[in-house]
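Asker: Sequence below, structure please.
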Amino acid sequence: MNDLTPDETEAILTLCLMAAFADGEKHEREREQIRKIAESFRGSEVDLSALYHEVLLRKPEPAAVAARLTTSGARQLAYELALAVCDAADDRSTAEKQFLTGLHSALALSPAETDTAVEEVRALTAVPAAAAAAAPPPLPSQPQPASTAQAEATDAMILRYATIAGALELLPQTMATLAIVPTQMKLVYQIGKERGFEPDRKSIGEFMAAAGIGLASQMVEGFARRLIKGVARKAVGRLGGSIGEAATGAAMSFASTYALGNLAQAYYDAGRTLDMPTLQAKFQPLLEQGKTLAEQYGPQIMQQSRQLQGGGLGGLMKGVV
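Answerer: Just a heads-up that it's a prediction; the model follows:
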């Protein structure tokens with residue numbers, strides 16, 4: 001679609017924030033994460049921090065915000081992103097369903113304009129955590145203690161998933177950001193399963209929230225970064241440079257996935273006994289380590305992005321993770 005105007009970008013991000021708070025039950029940790037994300041965009045072309053306060057304090061009507069979107073492309077994108085935010089963490093609540101129904105009507109969209117997006121969002125978010133993950137690389141021929149072999153295989157798997165998450169940020173589709181959360185959830189599931197646990201979607205979401213990764217807030221941040229900073233537009237045709245030149249978001253998605261995988265490894269190795277303060281204390285150093293590694297793995301991230309280009313979002317993860 002054509003580039004959005006600042007006013008259209010502002011309206012779409014306002015609707016994303018409204019979607020994030022639609023159920024009225026967002027945990028305080030998630031609210032705080034969204035607030036911090038919003039603050040990080042203060043002073044940009046669109047001040048997400050101001051929009052955050054607008055949504056929480058003045059509670060604008062979706063119809064009034066939707067009226068600012070004059071093109072069919074902008075209206076369709078607004079609905080798709082709001083849908084993705086609502087579906088990020090779990091099944092839609094009644095309040096979220098009501099919000100999306102009202103928004104769909106306010107945007108005057110036909111089913112034909114949104115059916116594909118609905119199916120793609122469902123394909124990505126409804127995939128059970130137990131879906132098959134990428135097989136770890138073959139173990140070395142020399143016999144090793146089981147714990148060492150398992151740890152090395154897990155390390156390789158974490159790097160693979162982190163590379164995929166970074167590659168998704170480089171895709172031109174704004175909605176590609178949606179695939180990052182299922183990628184991370186599958187990684188956590190696979191690590192837990194290999195250690196004798198069978199974590200479900202809810203417990204994985206709670207683990208990620210305890211580590212400081214809110215699912216809805218992560219979605220809002222990804223969309224804001226793409227829309228405000230033009231990452232989706234700038235990434236096209238620029239996969240030959242460094243990660244820093246192509247998109248900061250790719251490095252951050254790589255780093256957060258890397259940190260989450262290593263934290264999950266420690267958590268399940270300890271029999272799920274690590275409490276929230278311990279998880280949070282361990283996460284930040286791992287995140288910094290992941291940021292450093294992102295540059296090193298830049299060529300692999302860009303190569304993976306090339307391989308993912310051209311397919312529908314619903315099929316992005318098939319055969320990859």
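
Asker: tell me which strands and helices the helix or strand hosting residue 220 is in contact with?
Answerer: Secondary structure assignment for residue 220, by DSSP states H and E: helix 215-229. Judged by 3 or more Cβ pairs under 8 Å, 6 or more residues apart in numbering; DSSP states H and E, the packing partners of helix 215-229 are helix 6-20, helix 28-40, helix 72-87, helix 180-194, helix 201-211, helix 248-269. Glycine gets a C-beta too; all of them are placed from N, C-alpha and C.

Asker: The helix or strand harbouring residue 284: which residues count as buried?
Answerer: Using DSSP H and E, residue 284 sits in helix 276-296. Residues of helix 276-296 classed as buried under the neighbour-count rule (16 or more other Cβ atoms under 10 Å) are 279, 282-283, 286-287, 290-291, 293-294.

Asker: could I get that helix in CSV with only the CA atoms?
Answerer: The C-alpha coordinates for helix 276-296 follow below in CSV (Å, rounded to 0.1, in the frame of the first residue of the first chain):
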residue,chain,number,x,y,z
MET,A,276,9.8,-14.0,38.9
PRO,A,277,12.6,-11.8,40.4
THR,A,278,15.1,-14.4,39.4
LEU,A,279,13.8,-14.7,35.9
GLN,A,280,13.8,-10.9,35.4
ALA,A,281,17.3,-10.7,36.8
LYS,A,282,18.6,-13.3,34.4
PHE,A,283,16.8,-12.0,31.3
GLN,A,284,18.5,-8.6,30.9
PRO,A,285,22.1,-9.9,30.7
LEU,A,286,20.9,-12.5,28.2
LEU,A,287,19.2,-9.8,26.2
GLU,A,288,22.4,-7.7,26.0
GLN,A,289,24.3,-10.8,25.0
GLY,A,290,21.7,-11.4,22.2
LYS,A,291,22.2,-7.8,21.0
THR,A,292,25.9,-8.4,20.6
LEU,A,293,25.3,-11.7,18.7
ALA,A,294,22.8,-10.1,16.4
GLU,A,295,25.5,-8.4,14.4
GLN,A,296,27.6,-11.6,14.2
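
Asker: Mind checking what secondary structure residue 150 has?
Answerer: Secondary structure assignment for residue 150 (DSSP: H, G, I helix; E, B strand; the rest coil): helix.

Asker: okay if I get the helices and strands packed on helix 215-229 as JSON lines plus mean pLDDT, distance to residue 226 and mean neighbour count?
Answerer: Converted to JSON lines, the helices and strands packed on helix 215-229 look like this (pLDDT from 0 to 100; distance: least, Cβ to Cβ, whole Å; neighbours: other Cβ atoms under 10 Å):
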{"stretch": "helix 6-20", "mean pLDDT": "94", "distance to residue 226": "10", "mean neighbour count": "23"}
{"stretch": "helix 28-40", "mean pLDDT": "84", "distance to residue 226": "13", "mean neighbour count": "17"}
{"stretch": "helix 72-87", "mean pLDDT": "90", "distance to residue 226": "10", "mean neighbour count": "24"}
{"stretch": "helix 180-194", "mean pLDDT": "90", "distance to residue 226": "12", "mean neighbour count": "23"}
{"stretch": "helix 201-211", "mean pLDDT": "86", "distance to residue 226": "21", "mean neighbour count": "19"}
{"stretch": "helix 248-269", "mean pLDDT": "93", "distance to residue 226": "7", "mean neighbour count": "24"}
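
Asker: ok, and the closest non-adjacent residue to residue 8?
Answerer: residue 74 (4.8 Å; Cβ to Cβ, 6 or more residues apart in numbering).

Asker: just to revisit the earlier point, CA atoms only for the helix holding residue 220, dumped as PDB, please.
Answerer: Provided in PDB are the C-alpha atoms of helix 215-229 (Å, rounded to 0.1, in the frame of the first residue of the first chain):
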ATOM      1  CA  LEU A 215       2.700 -10.600  24.100                       C
ATOM      2  CA  ALA A 216       0.400  -7.700  23.300                       C
ATOM      3  CA  SER A 217       3.000  -5.100  24.100                       C
ATOM      4  CA  GLN A 218       5.500  -6.800  21.900                       C
ATOM      5  CA  MET A 219       3.000  -6.600  19.100                       C
ATOM      6  CA  VAL A 220       2.300  -2.900  19.700                       C
ATOM      7  CA  GLU A 221       6.100  -2.200  19.700                       C
ATOM      8  CA  GLY A 222       6.700  -4.100  16.500                       C
ATOM      9  CA  PHE A 223       3.900  -2.300  14.600                       C
ATOM     10  CA  ALA A 224       4.900   1.100  16.000                       C
ATOM     11  CA  ARG A 225       8.500   0.600  15.000                       C
ATOM     12  CA  ARG A 226       7.500  -0.300  11.400                       C
ATOM     13  CA  LEU A 227       4.900   2.400  11.000                       C
ATOM     14  CA  ILE A 228       6.700   5.300  12.700                       C
ATOM     15  CA  LYS A 229      10.200   4.600  11.600                       C
END
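
Asker: Now it: average pLDDT?
Answerer: Helix 215-229 shows a mean pLDDT of 85.

Asker: relative orientation of the strand or helix carrying residue 159 and helix 276-296 in degrees?
Answerer: Using DSSP H and E, residue 159 maps to helix 146-170. Interaxial angle of helix 146-170 relative to helix 276-296 (axes from the mean of the first three to the mean of the last three Cα atoms, to 10 degrees): 70 degrees.
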